[in-house]
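# Pasting a predicted model and its sequence here:
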Amino acid sequence: MPRYRKVSVRMWEDRRFRRFSVHAKLVWMYLLTGPHTNSIPGLFSATVPGLAAKLGLSEKAFREAFGEAFAEGMVKADEEAGLIWICRATEHNRPESPNVVRGWRHPWDELPECTLLQEAYQHFKTFTEGLGEAFAEAFREGCRQPLPNQEQEQEQEQEQERECPESTAADSCARSDFGWEIFQSVRLLRQSIAEWRPQARELRRAEQDHVRRWGPDLDKLHRIDGVDFGRQESVLRWLAHGADEAAIFWRGNIRSGAKLRQHFDTLEAKMQRARGHRQRPTREQMGAKMRAIAAERGEHLSDEQLKRALDDYEARGAVTNARV
């Protein structure tokens, strides 16, 4: 594997990149240049927890930073399969010869098959065809086409036709413009269903189909009901992995975004009761405690130092997100 990666200096003037937070810029640079990359521009196998650990960030902080690039349409991910694709990487890393394309063969064979790989394949096929017949032939020779599950695709198309009337398609079923947090909530809900029954009929659908179906309710739970995604994640992780009777009971009953929204308050109360009513302090409470400790030690804690410390605590889930 080459020990260097090409990064265009124009990246620093890109309007989307300039909007990134500091963490998001760090994560983006790591996605482009990290040891997980291979000779295929922007397409690699990796997991969010693994990338976060390598970069030294908490998983939550990494997800939030990754979500900024995801929301801009700059990267796609299939977390279940462990595949990440930087969509426009080919524009800045054009292969110098057909032999370079042939060299993609071995890393391509190691990529996990999934819907995202099928999408990436079509992109790379079109891209190499645009470079000339020699490049297109090299791609066909070196990179096998992922095999779609035709039976599953036909089933999904039929169900979408039955359940998604034209009058509501633009508002719900056809909607796929949700942020990374919605995708994460969908994945956690799928994990909960899989824990309840690995062969559940709900899991026959592709993840993208669930985003389209469950996304509107999860979005309303956030925007209208005021339930932030941190709370959604906590409840869904408890549903998926909790060993108490309440988690086991509700796991089999929450099998859609609508059901999660309908019963969220009950679920959160059950989760807190199962965890012994452990309440996290607010930022204001933790900030006051930090200042008191610093005063006892005769130290001065600046506002900026306090903010960084509280941000770190919040990223690790040690405080609630109520602001000072």
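Okay, I see it. Numbering: from 1, shown residues only.
# List the buried residues of stretch 78-97.
78-79, 81-86, 89-90, 93, 95 (16 or more other CB atoms under 10 Å). (Glycine included, C-beta is placed from N, CA and C.)
# Next: stretch 113-123.
114-117, 120-121.
# Kindly present those residues as TSV, with separate columns for distance to His263.
Below are the buried residues of stretch 113-123 laid out as TSV (distance: CB to CB, whole Å):
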residue	distance to His263
Cys114	31
Thr115	30
Leu116	31
Leu117	36
Ala120	38
Tyr121	40
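# my guess is Ala247 is in a helix, correct?
Yes: counting by DSSP: H, G, I helix; E, B strand; the rest coil, Ala247 is located in a helix.
# Contacts only, for it.
238-239, 241, 270-271, 274 (CB atoms under 8 Å, 6 or more residues apart in numbering).
# mind redoing it with 6 Å?
Contacts here follow CB atoms under 6 Å, 6 or more residues apart in numbering; on that basis Ala247 touches 238-239.
# going forward, begin numbering at 305 instead of 1
All set: I'll call the first residue 305, so the last point we hit is now Ala551.
# helix or strand right after the lowest-mean-pLDDT helix or strand in the chain?
Least confident helix or strand of the chain, by mean pLDDT, DSSP states H and E, is helix 470-472 with a mean of 37. Per DSSP states H and E, the first helix or strand lying C-terminal to helix 470-472 is helix 484-500.
# Excluding its own residues, what touches that next one? List them.
Helix 484-500 has contacts (CB under 6 Å, 6+ apart) with 371, 374, 383, 504, 506, 514-515, 518-519, 522, 533, 536, 540, 543-544, 555-556, 559.
# These in helices, which ones?
Those of the contacts of helix 484-500 mapping onto helices are 371, 374, 514-515, 518-519, 522, 533, 536, 540, 543-544, 555, per DSSP state H.
# any low-confidence regions in the stretch 355-504 of the chain?
Judged against pLDDT under 70, the low-scoring parts of the stretch 355-504 of the chain cover residues 451-482.
# show me where it has helices.
Counting by DSSP state H, counting those that start in this stretch, the stretch 355-504 of the chain has helices at residues 363-375, 393-396, 402-406, 409-413, 419-435, 437-446, 454-467, 470-472, 484-500.
# Farthest-apart pair in the buried residues of stretch 382-401, please.
Pairwise distances across the buried residues of stretch 382-401 peak at 28.3 Å for Glu383 and Pro399 (criterion: CB to CB).
# picking up where we left off before, and of the helices of the stretch 355-504 of the chain, who's closest to Glu588?
helix 363-375 (20.5 Å).
# got the buried residues for the closest one?
Result for helix 363-375 [16+ other CB under 10 Å]: buried residues 363, 365-375.
# got a list of contacts for that helix?
Against helix 363-375 from outside (CB under 6 Å, 6+ apart): 324, 327-328, 331-332, 353, 356, 379, 483-484, 619.
# can you tell me which of those residues lies nearest to Glu433?
The closest of the contacts of helix 363-375, once distances to Glu433 are taken by CB to CB, is Val379, at 23.7 Å.
# Without its sequence neighbours, what residue ends up closest to that closest one?
Ala373 (4.8 Å; CB to CB, 6 or more residues apart in numbering).
# Tell me the spacing between the one you found and Arg392.
11 Å (CB to CB, to the nearest Å).
# where are the low-confidence patches of the stretch 505-628 of the chain?
The model of the stretch 505-628 of the chain has pLDDT under 70 over residues 581-585, 617-628.
# do that again at 50, thanks
Within the stretch 505-628 of the chain, the stretches with pLDDT under 50 are 582, 622-623, 626-628.
# Can you show me the strands along it?
Per DSSP state E, counting those that start in this stretch, the stretch 505-628 of the chain carries no strands over any range.
# now stretch 542-558, how far from the centre of its chain.
Relative to the centre of its chain, stretch 542-558 is centred 23 Å away, using CA atoms, centre = their mean, to the nearest Å.
# just to revisit the earlier point, which one among the ones in helices among the contacts of helix 484-500 gets closest to Ser606?
Once CB to CB is applied, the member of the ones in helices among the contacts of helix 484-500 that ends up nearest Ser606 is Gly371, at 29.2 Å.
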